[in-house]
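**Student:** Pasting the sequence and the predicted model now:
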There are 2 protein chains.
Amino acid sequence: MPTRKLESVVSLKDIRVACKACSLKEICLPVGIDKNDLESLDAIIDRKRPLTRGEHLFRVGDSFQSIYAVRSGSLKTYTTSESGQEQVMGFQLPGELVGLDAIAENHHPLAAKALETTSICEIPFTELESLSTKLDGLQHQLLRVMSQEIRDDEQNMVILGQKSAEQRLAAFLISISNRFRRRGFSATQFNLSMSRSDIGNYLGLALETVSRLFTRFQNEGLLHVDRKHIELLDREKLCAYSGAHCSQQQQPQKSSGR
Amino acid sequence: MPTRKLESVVSLKDIRVACKACSLKEICLPVGIDKNDLESLDAIIDRKRPLTRGEHLFRVGDSFQSIYAVRSGSLKTYTTSESGQEQVMGFQLPGELVGLDAIAENHHPLAAKALETTSICEIPFTELESLSTKLDGLQHQLLRVMSQEIRDDEQNMVILGQKSAEQRLAAFLISISNRFRRRGFSATQFNLSMSRSDIGNYLGLALETVSRLFTRFQNEGLLHVDRKHIELLDREKLCAYSGAHCSQQQQPQKSSGR
DNA sequence: CGATGACTTGACTGCTGTCAACGTGCGTGG
DNA sequence: CCACGCACGTTGACAGCAGTCAAGTCATCG
């Protein structure tokens, strides 16, 4: 019947949502791009079927064709060392780009895997690059995004280089919280799509340490944990624990990798 | 007399050496840029008087005007946390760029300080950006350099996240060695312009640990240390110690920060 | 030649990793 | 709908790597 048909058309439209209709356009690649120019950008972007949990967007060594933006869901990026040991490099939330580290060598140094059902926008790089020479706003935004990524990685180096386990987890939670807030979600209540093991690996800690710290933070009344669900009860104190000046929004908006 | 005058002209020329005459053009920003276009790039680059040891190129919070390339000497980049604790983010050797992390927010998140007498090329960013829209090779190279920087930072995250002290120092030495080699210097014999404390800070180790490891590596016949001078005696084994697959050139050419 | 800063070496402590056992929730299949 | 299995998470005991503190050595520079 017409009704069902209409619905299916609507959901199809959803999948093909253009940048200018996307709620993430204020934090994604289109930032600072002229409304008219946005259509040229839109034209090169490919929206694919969603990835299911555990599915790879790309793997280590895959040839570099595109960068990707997360539309919904989340990813983790990671490498596997020769000894088979995994290193999680970052987590990507909606509006964040992945694959920027592949430009240099034309293949992906990291793998990207969906932590949950995740929708992706694919942005073919050569087309993006040539478009960037035409739309000055786009080139600038691309450079800005990459620069921000470098900053975030620097931030992570500080965390890994000289913070205690407690400070690392606190900083991680504050960072996640800020990134959710920026996307219009609750800053005090959220689900962590990644496992304890992923968090520990990312922070340079054993998963047992992460688990113990969650318990301790909860006992101290800083937060409430229920499996993957986190509720921050005392953001102030958590900031203090993180050993960083995180007066409000100071935290990196996106502390992770690509 | 004419002779002396000629000499002084030569040395002046040295200081103003154009990219196309620079020995670093194969690894610096000009990579992949057409010979004719190189002059347009050259035209915007400003060569300043050398920095002396300890002098700052820029400080945290300085407004972002330019990115810089090291021509000779070396820099370290670092931040100071609210608690006054310093975190060294990277060391820059000739041909490497600094300041890319400042694009995002228009001010420098790190300070850059000369570790020895150091010559710098200043590249005003707005001019670089507008030139990049015209010279397609330049935009691509700029993106490549930034992408490489992200990769290097990722590499550092692996080192800080899951390597032992021994592996960290070994990986650091191999990385430095590779970077020197790439620049035409000896890969087995070099001077470390940074202090033990800087190395330790950069690697997330106490300076005492670094010192102990140098002693141990020397006792094991891996290298010879004399104050700042390092001679690698068994690069193979050092690679093995680093816990990475560094068969020849595999190592990141530039493992450091901006 | 003395002072200062950089480096080395030693002794001790503690944080965090490792190993191991146990608990919990979810999905699958009967 | 329930039982089972498995992956994920928690908790405990113990140990070791690397940090801290402290003393001593060495090199460089005024």
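**Tutor:** Yep, it's here.

**Student:** going forward, measure contacts and count neighbours with C-alpha atoms only.
**Tutor:** Fine.

**Student:** For DNA strand D, see how far away A:Phe190 is.
**Tutor:** Separation of A:Phe190 from DNA strand D (Cα to the nearest atom of the strand, to the nearest Å): 14 Å.

**Student:** Now do the buried residues in the helix or strand harbouring that residue.
**Tutor:** According to DSSP states H and E, A:Phe190 maps onto strand A:189-191. Buried residues in strand A:189-191, defined by neighbour count with 16 or more other Cα atoms under 10 Å in any protein chain shown: A:189-190.

**Student:** Partner strands of it, with direction?
**Tutor:** Paired strands of strand A:189-191, with direction, are strand A:229-232 (antiparallel) (DSSP bridges).

**Student:** The strand it pairs with and DNA strand D, any residue contact?
**Tutor:** No. On the criterion Cα under 7 Å from any atom of the strand, strand A:229-232 is out of touch with DNA strand D, staying 9.8 Å away.

**Student:** distance between that strand and the chain's centre?
**Tutor:** Computed by Cα atoms, centre = their mean, to the nearest Å, the separation of strand A:229-232 from the middle of its chain amounts to 19 Å.

**Student:** And for it, what's in contact with it?
**Tutor:** Around strand A:229-232, the neighbours that count as contacts under Cα atoms under 8 Å, 6 or more residues apart in numbering or on different chains are A:188-192, A:222-225.

**Student:** before we move on, the earlier item: could you give the mean pLDDT of the strand holding A:Phe190?
**Tutor:** Here the mean pLDDT over strand A:189-191 is 94, rounded to a whole number.

**Student:** again with stretch A:163-171
**Tutor:** Model confidence over stretch A:163-171, given as mean pLDDT, is 96.

**Student:** And for stretch A:127-138?
**Tutor:** If you average the pLDDT over stretch A:127-138, you get 92.

**Student:** can you check stretch A:206-221 too?
**Tutor:** Stretch A:206-221 shows a mean pLDDT of 95 in the predicted model.

**Student:** again, but for stretch A:51-63
**Tutor:** For stretch A:51-63, the mean per-residue pLDDT is 94.

**Student:** now it, how far from the chain's geometric center?
**Tutor:** How far stretch A:51-63 lies from its chain's middle: 15 Å, per Cα atoms, centre = their mean.

**Student:** Let's see the pLDDT reported for the residue lying closest to A:His108 once chain neighbours are set aside.
**Tutor:** Counting by Cα to Cα, 6 or more residues apart in numbering or on different chains, A:Ala102 is the residue found nearest to A:His108 once chain neighbours are left out, at 4.6 Å. In this model, A:Ala102 is scored at 98, pLDDT.

**Student:** Quick one: neighbours of A:Ala102, just the number.
**Tutor:** By the criterion of other Cα atoms under 10 Å in any protein chain shown, A:Ala102 has 26 neighbours.

**Student:** Quick check, it in contact with A:Pro109.
**Tutor:** Yes. A:Ala102 is within contact range of A:Pro109, at 6.3 Å (criterion: Cα atoms under 8 Å).

**Student:** Contact residues of the stretch 151-258 of chain A facing DNA strand C?
**Tutor:** A:163-166, A:204-209, A:227.

**Student:** go with 6 Å
**Tutor:** Among all residues of the stretch 151-258 of chain A, those adjacent to DNA strand C (criterion: Cα under 6 Å from any atom of the strand) are A:164-165, A:204-206, A:208-209.

**Student:** Now the spatially most central residue of chain A: phi and psi?
**Tutor:** With distances taken as Cα atoms, centre = their mean, A:Gln92 lies nearest the centre of chain A, 1.7 Å away. In this entry, A:Gln92 is assigned phi and psi values of phi -110, psi 130 (degrees, to the nearest 10).

**Student:** do A:Val70 as well
**Tutor:** Note on A:Val70: its backbone torsions stand at phi -80, psi 130 [degrees, to the nearest 10].

**Student:** One more: A:Arg49?
**Tutor:** Dihedral angles phi and psi of A:Arg49 (degrees, to the nearest 10) take the values phi -60, psi 150.

**Student:** Distance check, it against DNA strand D.
**Tutor:** A:Arg49 is 23 Å from DNA strand D, where distance means Cα to the nearest atom of the strand.

**Student:** before we move on, what about A:Leu24?
**Tutor:** Using Cα to the nearest atom of the strand, we find A:Leu24 at a distance of 28 Å from DNA strand D.

**Student:** Could you find the closest non-adjacent residue to that residue?
**Tutor:** The shortest distance from A:Leu24 to any non-neighbouring residue, by Cα to Cα, 6+ apart, is to A:Gly95 (5.6 Å).

**Student:** what do you get for A:Gln148?
**Tutor:** In space, not counting the residues next to it along the chain, A:Gln148 is nearest to B:Ala104; the distance is 5.3 Å by Cα to Cα, 6+ apart.

**Student:** so the one you found, which of the three states?
**Tutor:** Put simply, B:Ala104 is coil when judged by DSSP: H, G, I helix; E, B strand; the rest coil.

**Student:** Now do the contacts for it.
**Tutor:** With contacts defined as Cα under 8 Å, 6+ apart, B:Ala104 is in contact with A:143-148.

**Student:** repeat that for 10 Å
**Tutor:** Contact criterion Cα atoms under 10 Å, 6 or more residues apart in numbering or on different chains gives A:140-151, B:64 as the residues in contact with B:Ala104.

**Student:** for A:Tyr241, same thing?
**Tutor:** Applying Cα under 10 Å, 6+ apart, we find A:Tyr241 in contact with A:164, A:166-171, A:235.

**Student:** what's the neighbour count on the residue nearest to A:Gly221 when sequence neighbours are not counted?
**Tutor:** With Cα to Cα, 6+ apart as the criterion, A:Gly221 has its nearest non-adjacent residue at 6.8 Å, and that residue is A:Leu233. If you count neighbours by other Cα under 10 Å, A:Leu233 ends up with 16.

**Student:** With A:Ser81 instead?
**Tutor:** Burial of A:Ser81 is recorded as 13 neighbouring residues (other Cα under 10 Å).

**Student:** need the residues of chain A near DNA strand D, please.
**Tutor:** With the criterion set to Cα under 6 Å from any atom of the strand, chain A comes near DNA strand D through A:195-197, A:208, A:211-212, A:215, A:227.
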